[in-house]
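Trainee: predicted structure and sequence below. I'll ask about it afterward.
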Amino acid sequence: MTLPVYVRAADIYTNRKANKIGLLPISRSTWWEWVSAGKAPKPIKLSSRVTAWRTAEVLAFAESQSGVGA
């Protein structure tokens, strides 16, 4: 399976209302809070209305978070 080069925010966080599981078990507000604080990878503007992240960076970030609190 080939992963996409970029993922959008809706693919990263979990949306319980839409019953959609994202790459991380966090809410939309948590994701954007982490991005604003510099904890999560920086987004890339693909156009004026499209923001995305490099899939490899998001997966590396998720991996780095898996050991937190353990």
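Mentor: Noted; the coordinates are in hand.

Trainee: now Trp53: how far from Asn19?
Mentor: 23 Å (CB to CB, to the nearest Å). Glycine gets a C-beta too; all of them are placed from N, C-alpha and C.

Trainee: which one of these two is surrounded by more residues?
Mentor: Trp53 (23 against 7; other CB atoms under 10 Å).

Trainee: list the buried ones in the helix or strand containing the more buried one?
Mentor: Following DSSP states H and E, one finds Trp53 within strand 50-54. Within strand 50-54, the residues scored as buried using 16 or more other CB atoms under 10 Å are 52-54.

Trainee: so which of these is the closest to Ser29?
Mentor: Trp53 (16.7 Å; CB to CB).

Trainee: hang on, that closest one packs against Lys45?
Mentor: No. If you go by CB atoms under 8 Å, Trp53 and Lys45 don't touch, sitting 11.0 Å apart.

Trainee: which one is Arg54 nearest to, not counting chain neighbours?
Mentor: Nearest non-adjacent residue to Arg54, counting by CB to CB, 6 or more residues apart in numbering: Tyr6, 6.3 Å away.

Trainee: and the spatially most central residue of the chain, how far from Ser64?
Mentor: Central residue of the chain (CA atoms, centre = their mean): Ile12, 3.6 Å from the mean position. Distance, Ile12 to Ser64, using CB to CB: 14 Å.

Trainee: same thing with Thr2?
Mentor: 23 Å.

Trainee: more neighbours, those two?
Mentor: Regarding Thr2 and Ser64, a neighbour count based on other CB under 10 Å identifies Ser64 as having more, with 9 against 4.

Trainee: next one: that one from Lys17, what distance?
Mentor: Ser64 is 28 Å from Lys17, by CB to CB.

Trainee: got it, and Ala52?
Mentor: Taken as CB to CB, the span from Ala52 to Lys17 is 22 Å.

Trainee: mind listing the strands for this protein?
Mentor: 6-7, 44-47, 50-54 (DSSP state E).

Trainee: for the first one, the distance to its chain's centre please.
Mentor: Read it as strand 6-7. Relative to its chain's centre, strand 6-7 lies at 9 Å (CA atoms, centre = their mean, to the nearest Å).
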